[in-house]
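Enquirer: Could you look at this predicted model? Sequence included:
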Amino acid sequence: LTSQPAFGIQRIRAMLAPLPSTIEERNRIITFLNAHDTRIHTEESQLSKLKELKKGLMHDLLTGRVRV
């Protein structure tokens, strides 16, 4: 069970969302989000490389190529 009420599409449509008041503010938000998006992609790429490295090391260990 959850204590949160249903959050249907009608409630979402009725919500007001603030808009940036100036183009400069919009550009700052865009720059901020783009920087974080770039960082996320970089971190995901690094994570993928580390997972591949781990997989290779585990393979070497389990096949006996590397002694412990």
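Expert: Happy to help now that I have it.
Enquirer: Mind listing what's buried along the helix or strand bottoming out on mean pLDDT in the chain?
Expert: The helix or strand with the lowest mean pLDDT-type score in the chain, counting by mean pLDDT, DSSP states H and E, is helix 9-14 (a mean of 88). Neighbour-count burial for helix 9-14, counted by 16 or more other Cβ atoms under 10 Å, picks out no residue. No exception for glycine: its C-beta is placed from N, CA and C like everyone else's.
Enquirer: how much distance is there from that helix to the middle of the chain?
Expert: The chain centroid and the centroid of helix 9-14 are separated by 26 Å under Cα atoms, centre = their mean, to the nearest Å.
Enquirer: ok, now stretch 8-19?
Expert: Here stretch 8-19 shows a centroid-to-chain-centroid distance of 24 Å under the convention Cα atoms, centre = their mean.
Enquirer: For that stretch, output the C-alpha coordinates as PDB.
Expert: The C-alpha atoms that make up stretch 8-19 are tabulated as PDB, following Å, rounded to 0.1, in the frame of the first residue of the first chain:
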ATOM      1  CA  GLY A   8      -3.400  10.900 -12.800                       C
ATOM      2  CA  ILE A   9      -3.100  12.700 -16.100                       C
ATOM      3  CA  GLN A  10      -5.800  15.300 -15.100                       C
ATOM      4  CA  ARG A  11      -3.800  16.400 -12.100                       C
ATOM      5  CA  ILE A  12      -0.600  16.600 -14.200                       C
ATOM      6  CA  ARG A  13      -2.400  18.800 -16.800                       C
ATOM      7  CA  ALA A  14      -3.800  21.000 -14.100                       C
ATOM      8  CA  MET A  15      -0.400  21.800 -12.700                       C
ATOM      9  CA  LEU A  16       1.300  25.100 -13.500                       C
ATOM     10  CA  ALA A  17       5.000  25.100 -14.400                       C
ATOM     11  CA  PRO A  18       7.000  28.200 -14.000                       C
ATOM     12  CA  LEU A  19       8.800  29.500 -17.200                       C
END
